[in-house]
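Colleague: Have a look; sequence and predicted model below, questions after that.
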Amino acid sequence: MILAGTILTWLIQIYTVLLIVRMLMSWVPLLVRDFEPHGALAVVFEIVYTITDPPIKFFDRLVPPVRFGNVGFSVGFIIVFVLLAVLQRLVVAVFW
């Protein structure tokens, strides 16, 4: 039982790190105007976005963007991040 909890905890932590990496990667094009990933960096971008896109897009379809004037902020990322934190707590409570 503890092994299953440990594996689940590690998977949740890895996914959380991927979400943080995605957040940082999404800032790069905003900070560097003509940024276009090439080579290995393009592969890393593609892998991270492919893994993290499905749950974020799911919640983006369910919850409309929060509007601040003319700008809309997607809350899908925040929802996934919070749900991962809750899931991690739940796994720790159940398996330990």
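Modeller: Okay, I see it.

Colleague: Can you mark which positions in stretch 35-52 are buried?
Modeller: Under the neighbour-count criterion of 16 or more other Cβ atoms under 10 Å, stretch 35-52 has 45, 48, 52 buried. To be clear about C-beta, it is placed using only N, CA and C from the backbone, and glycine gets the same treatment.

Colleague: other SSEs contacting the host helix or strand of Ala93?
Modeller: Element membership of Ala93, judged by DSSP states H and E, is helix 76-95. Helices and strands touching helix 76-95, as assessed by 3 or more Cβ pairs under 8 Å, 6 or more residues apart in numbering; DSSP states H and E, comprise helix 2-31, helix 40-62.

Colleague: what's the offset of stretch 50-60 from the middle of its chain?
Modeller: Distance, stretch centre to chain centre, for stretch 50-60: 8 Å (Cα atoms, centre = their mean, to the nearest Å).

Colleague: And the helix or strand of the chain with the lowest mean pLDDT, what does it pack against?
Modeller: Every helix and strand of the chain was ranked by mean pLDDT, DSSP states H and E. The lowest is strand 71-73, at a mean of 87. Packing partners of strand 71-73 (3+ Cβ pairs under 8 Å, 6+ apart): strand 66-68.

Colleague: what pairs with the strand it packs on, and is each one parallel or antiparallel?
Modeller: Here strand 66-68 is paired, per DSSP bridges, with strand 71-73 (antiparallel).

Colleague: Name the surrounding residues that touch the strand it pairs with.
Modeller: Residues from elsewhere that reach strand 71-73 (Cβ atoms under 8 Å, 6 or more residues apart in numbering): 65-67.

Colleague: can we see that at 6 Å?
Modeller: For strand 71-73, contacts defined as Cβ atoms under 6 Å, 6 or more residues apart in numbering pick out 65-66.

Colleague: mind listing what's buried in it?
Modeller: Under 16+ other Cβ under 10 Å, strand 71-73 has no buried positions.
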